[in-house]
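Participant: show me the folded form of this:
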Amino acid sequence: MPNPVFDYTYSWGLQPAFDTITLANSPQLQPVYAANNAGTPFPDPPAPVITVPTGTVVVSNPTISGTANSGYNITISIDGVVAGPPVTATNNAWSFQAQALGNGSHSVTAVAADPTTGRNSVVSSPDSFTVALGPPPVPMITNPANGSSVFNPMTSPIGK
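Facilitator: Below is the predicted model of the structure:
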């Protein structure tokens, strides 16, 4: 049987002190609360890591992906604004489909929330990428037809 490994040193005691209360000669129930010696009941979750996208993307709504502990809820911010509802990490990975972004440089950050403790991670390292969709399509002129003459006499002067 493997030995358990603990990240923190824990201690326990009775509150109030044992010698200030009188106990009956029978089994007693006493509440026990887990906390580390610093008084922090649970550590903050580690920050998620953003792995995709990188560099230049040619779609306006890129998939943003990364790693985090399974079960953690990941909130994505794009250019400093929360981009949508949190996604849940599964198998230590998460993925988020961004809404349409304009051409240019964008920055993404993420925060992990542990649903069992309610604690949030620090903000992840920012991931920068560029959306490069290319020029818009060339307009197509359909009217007047090719080879037609158009005459529109000016009936009143414009300007002074």
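Participant: mind listing what's buried along the longest strand along the chain?
Facilitator: The single longest strand within the chain, with elements called by DSSP state E, is strand 104-114. Within strand 104-114, the residues that qualify as buried are His106, Val108, Thr109, Ala110, Val111, Ala112, Ala113, Asp114, counting by 16 or more other CB atoms under 10 Å. Using the backbone N, CA and C atoms, a C-beta is placed for each residue, glycine as well.
Participant: low-confidence ranges in this structure?
Facilitator: 1-23, 28-41, 152-160 (pLDDT under 70).
Participant: try 90 this time
Facilitator: Scanning the chain for pLDDT under 90 picks out the ranges 1-44, 116-118, 133-160.
Participant: and the helices in it, which stretches?
Facilitator: With DSSP state H as the definition, the chain shows no helices.
Participant: now do the strands in it.
Facilitator: For the chain, the strands defined by DSSP E cover 49-52, 55-57, 63-67, 73-78, 81-82, 87-88, 93-97, 104-114, 119-120, 127-131.
Participant: buried deepest among these, which one?
Facilitator: Stretch with highest mean neighbour count among the strands of the chain: strand 73-78 (a mean of 20; mean count of other CB atoms under 10 Å).
Participant: show me what that strand is packed up against.
Facilitator: If you count contacts as 3 or more CB pairs under 8 Å, 6 or more residues apart in numbering; DSSP states H and E, strand 73-78 packs onto strand 63-67, strand 87-88, strand 93-97, strand 104-114.
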